[in-house]
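S.K.: Predicted model and sequence follow; I will ask about them next.
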Amino acid sequence: MAGAAVGFRVKSGWAAAVVLSGPVSSPLALHARRIDLSDPAIPATRQPYHAVDPAQGELEDDESRIKQRVNVVRRVTTESLEKLLADFRTNAWTPRRVGIVAGSLIDPATIRQPHIRAHAMEGRLFRTVLEDVVRARGLSCFVLGEKTAFTAAVKVIHRRKDAIRRTLGKLGRHVDGPWRTEEKMAALAAWVAVAET
């Protein structure tokens with residue numbers, strides 16, 4: 001399908017995914033779902049840089065535990081994306097571009113407080129693993145920070161922010177399942193991707 005793209009809003013251990021088709025002036029949401037980026041059967045993979053008890057707010061210092069958790073994140077992300085791409089093929093959707101919205105693009109090394117740094121490291125991990133898996137499948141990809149996503153969208157979609165928000169709210173009528181902030185941000189990334197295709 002010409003003008004199709006996929007957007008993701010990355011969270012800790014999962015992502016909202018939305019497939020959108022163009023034209024840019026009147027996009028249509030074709031599909032929305034949640035995909036796993038961590039293994040629900042292994043809770044530590046949702047916060048791989050936290051110590052065993054995340055409530056303690058400490059960084060994990062066991063490099064072997066971190067490596068094991070990160071390997072699981074890579075495996076699960078790859079499996080989730082493969083399932084999504086299989087559904088694309090089944091439905092004759094051929095997105096060529098992917099947009100990812102992340103909570104923050106801050107370098108975790110600049111954060112002094114260990115607990116906040118752990119969250120930043122996890123945010124970067126889930127975003128970069130998804131980005132790597134997407135690119136390995138031959139898809140063009142870009143990343144937006146949540147705080148600046150609408151500013152970037154206004155420039156390429158050529159609509160005011162309030163008009164973009166209204167359209168995003170209406171897009172959810174065409175898909176099954178929840179249509180919350182995460183899905184709207186994933187749809188925004190997909191819309192930007194359609195506009196840049």
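M.R.: Yep, that arrived.
S.K.: Please make it C-alpha for all contacts and neighbour counts, starting now.
M.R.: Will do.
S.K.: Any stretches of the chain with poor pLDDT?
M.R.: Applying pLDDT under 70 to the chain flags residues 1-2, 52-57.
S.K.: what about the helices in the chain?
M.R.: Using DSSP state H, the helices of the chain run over residues 63-90, 114-136, 149-157, 161-171, 181-196.
S.K.: in the longest one, what's buried?
M.R.: In other words, helix 63-90. Using 16 or more other C-alpha atoms under 10 Å as the test for burial, helix 63-90 gives 65-66, 69-70, 72-81, 84-85, 88.
S.K.: now stretch 19-28
M.R.: For stretch 19-28, burial by neighbour count (16+ other C-alpha under 10 Å) applies to 19-22, 24, 27-28.
S.K.: Specify which member of the residues you listed is nearest to residue 4.
M.R.: Set against residue 4, the nearest of the buried residues of stretch 19-28 by C-alpha to C-alpha is residue 21 (4.1 Å).
S.K.: OK, contacts around that closest one?
M.R.: 1-5, 27-30, 194 (C-alpha atoms under 8 Å, 6 or more residues apart in numbering).
S.K.: repeat for residue 185
M.R.: Each residue near residue 185 by C-alpha under 8 Å, 6+ apart is listed here: 7-9, 101, 146.
S.K.: ok so, going back, can you redo the helices of the chain as TSV with distance to residue 35?
M.R.: Output for the helices of the chain, formatted as TSV (distance: least, C-alpha to C-alpha, whole Å):
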stretch	distance to residue 35
helix 63-90	6
helix 114-136	11
helix 149-157	21
helix 161-171	19
helix 181-196	12
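S.K.: closest to residue 47 out of those helices?
M.R.: helix 114-136 (6.4 Å).
S.K.: Can you give me the distance of the spatially closest residue to residue 120 that is not a sequence neighbour to residue 119?
M.R.: Excluding the flanking residues, the one nearest residue 120 by C-alpha to C-alpha, 6 or more residues apart in numbering is residue 108, at 5.2 Å. Distance, residue 108 to residue 119, using C-alpha to C-alpha, to the nearest Å: 8 Å.
S.K.: try residue 37
M.R.: As defined by C-alpha to C-alpha, residue 37 lies at a distance of 15 Å from residue 119.
S.K.: out of these two, which sits in the busier spot?
M.R.: Taking other C-alpha atoms under 10 Å, residue 37 and residue 119 do not tie; residue 37 has more neighbours (29 against 19).
S.K.: I'd assumed residue 70 was in contact with the more buried one.
M.R.: No: counting by C-alpha atoms under 8 Å, residue 37 does not reach residue 70; the two are 10.3 Å apart.
S.K.: re the thing from before, the contacts of residue 21, buried ones only, as a ChimeraX selection?
M.R.: Restricted to buried positions by 16+ other C-alpha under 10 Å, the ChimeraX selection for those reads:
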select :3,4,5,27,28,29,30,194
